[in-house]
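Trainee: Sequence first, predicted model second:
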Protein chains: 2
Amino acid sequence: MPLPQKTPMKERILETADRLFYLRGIRAVGVDTIAAEIGISKRTLYNHFPSKDELIAAYLARRFVQPRPSDKPAAEQILGTFDSLERRFSSRDFRGCPFVNAVAELGAEDRSVKKIAIAFKESRRVWFRDLLKQLGVADADDLATQLTLLVDGSIAQDLVRDDPSMARAAKAAARVLLENAGVEVDNNTPSSSPRKQGPIRRGGAV
Amino acid sequence: MPLPQKTPMKERILETADRLFYLRGIRAVGVDTIAAEIGISKRTLYNHFPSKDELIAAYLARRFVQPRPSDKPAAEQILGTFDSLERRFSSRDFRGCPFVNAVAELGAEDRSVKKIAIAFKESRRVWFRDLLKQLGVADADDLATQLTLLVDGSIAQDLVRDDPSMARAAKAAARVLLENAGVEVDNNTPSSSPRKQGPIRRGGAV
DNA sequence: ACTTGATTACACCGATCTGTGTAATTATTG
DNA sequence: CAATAATTACACAGATCGGTGTAATCAAGT
């Protein structure tokens, strides 16, 4: 007797594929496994997705979520990114960036995967850049790129080390970069407050 | 007619497995493919490696190379890391960090893969840390971690974007972090003459 | 020449993979 | 109730996977 599931079948398939693809790897999870996990027949799955490739594409598209706009100060939003990261690192279900992982797994052959991964990374970079522009940073483009390096670097490091403190290290570095660009950073944000020596550096961006 | 190969069979297998595993992914490459690529029988391969898992382990162990000691100034060595990165990014054969990729691909299940990946990342961090200590940096540990974030971040970004300039962005950030820690950085390092886009930092630097 | 070890070809195993065909069964809806 | 759509079970195809068994062949050393 099929339980009365409110969520439509396609969504159930997607969220299950998402979880398994992300946690175990795309190549490591077969369609049979996904169908069995939901308790449906493989035929039903193929009635909703014509191929595994399309399911993979839908999985990645589903992961492409935009950060919701916030009314908090821009600098706080930027640094808050690393607090969010640390929270996600601390979850047992965190296994790195799904886009980077997908490219690492099948990027050499699959062009569409790389395409969406690039789009995702760029959207993150633009998000940083716009906040930096809001702060009057001159080289917002360059600094935004550098911040994404810290984000992806901490993700990669946490992936192999299982060490959520990598997010704090990234945050500390981000703070230095921001201050160097002339951004006034609120120091009492709850994180590592290593008394960095004064804002050295010749005056800068602003 | 077997060509007179000087390099012993085991090494030939290893270097072929290395190339294919790295470029196409570990799961994507079967032992048949490796044997066929060398032109040997699958039986010979299994005479040298009892299982694919052992071949994978040997592949990763082979990738675990220590940076050769240098007599150059420490700061130059540190920043030179990013120049090396940029050179490697520019190679068509670069496909990210083999350890991070391996963990992303099979780390969820395979404990030994994660172990060697952690050891590798830590060795890199220690290498940075010792150079920083040499420079008299107080928080050498923290700063070393931050530098590894920039390294891994630029690797991940280049993996998805195919943009070697990510190494220059990382280098620029590293320079700021070093200067913030009180390290005097030689500004006219002969490394990246501005080939593509603008100079590293605005005006001042070069 | 004889022995020893490495390599070969080749068949084969069981498991797993993506994907399909089909006919029966269930749900939904008019 | 009747018509339509969704889902089911299930068998199966064709490929590939990691791995083995075997007997013949090849190379080198003594």
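Mentor: Good, I have the coordinates.
Trainee: mind checking the longest helix of chain A?
Mentor: Criterion DSSP state H: the longest helix present in chain A is helix A:111-134.
Trainee: tell me the mean pLDDT over whatever helix or strand comes next after it?
Mentor: The element immediately downstream of helix A:111-134 (helix or strand, assigned by DSSP states H and E) is helix A:140-161. Mean pLDDT, helix A:140-161: 98.
Trainee: Return the angle between stretch directions for whichever helix or strand comes after helix A:140-161 and helix B:165-180.
Mentor: Per DSSP H and E, helix A:140-161 leads on to helix A:165-180 as the next helix or strand towards the C-terminus. Note on geometry: by axes from the mean of the first three to the mean of the last three CA atoms, to 10 degrees, helix A:165-180 and helix B:165-180 are set 80 degrees apart in direction.
Trainee: For helix A:165-180, C-alpha coordinates in CSV please.
Mentor: Taking Å, rounded to 0.1, in the frame of the first residue of the first chain, the C-alpha atoms of helix A:165-180 are listed here in CSV:
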residue,chain,number,x,y,z
SER,A,165,37.7,25.5,11.9
MET,A,166,38.9,26.0,8.4
ALA,A,167,35.9,28.3,8.0
ARG,A,168,37.2,30.4,10.9
ALA,A,169,40.7,30.5,9.3
ALA,A,170,39.1,31.7,6.1
LYS,A,171,37.1,34.3,7.9
ALA,A,172,40.2,35.6,9.6
ALA,A,173,41.9,35.9,6.3
ALA,A,174,38.9,37.5,4.7
ARG,A,175,38.9,40.1,7.5
VAL,A,176,42.5,41.0,6.7
LEU,A,177,41.7,41.4,3.1
LEU,A,178,38.7,43.5,3.8
GLU,A,179,40.6,45.8,6.1
ASN,A,180,43.4,46.1,3.6
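Trainee: by contact count, what packs against it?
Mentor: helix A:74-90, helix A:140-161, helix B:140-161, helix B:165-180 (3 or more CB pairs under 8 Å, 6 or more residues apart in numbering or on different chains; DSSP states H and E). C-betas here are computed from N, CA, C, even on glycine.
Trainee: what residue is smack in the middle of chain A?
Mentor: With distances taken as CA atoms, centre = their mean, residue A:97 lies nearest the centre of chain A, 5.4 Å away.
Trainee: Need the pLDDT of it.
Mentor: pLDDT at residue A:97 comes out at 98.
Trainee: In contact with the closest residue to it other than its chain neighbours, which residues?
Mentor: Spatially, and ignoring its direct neighbours in sequence, residue A:97 is nearest to residue A:155 (5.1 Å; CB to CB, 6 or more residues apart in numbering or on different chains). Residue A:155 sits next to A:85, A:96, A:97, A:100, B:156 when contact means CB atoms under 8 Å, 6 or more residues apart in numbering or on different chains.
Trainee: Kindly indicate which of those residues lies nearest residue B:125.
Mentor: residue B:156 (16.6 Å; CB to CB).
Trainee: and that closest one, what does it touch?
Mentor: Contacts of residue B:156 (CB under 8 Å, 6+ apart): A:97, A:100, A:152, A:153, A:155, A:156, B:96, B:100.
Trainee: What of residue A:89?
Mentor: A:154, A:158, A:163, A:164, A:166, A:167.
Trainee: near DNA strand C too, which of the contacts of residue B:156?
Mentor: Counting by CB under 7 Å from any atom of the strand, nothing from the contacts of residue B:156 sits close to DNA strand C.
Trainee: Write out the residues of chain A neighbouring DNA strand D.
Mentor: Residues of chain A lying near DNA strand D (CB under 7 Å from any atom of the strand): A:2, A:9, A:39, A:40, A:41, A:42, A:43, A:44, A:47, A:48.
Trainee: Any of these buried? List them.
Mentor: Neighbour-count burial (16 or more other CB atoms under 10 Å in any protein chain shown) applied to these gives A:40, A:48.
Trainee: and which of the residues of chain A next to DNA strand D is nearest residue B:18?
Mentor: residue A:42 (36.5 Å).
Trainee: how far away is that closest one from residue A:36?
Mentor: 8 Å (CB to CB, to the nearest Å).
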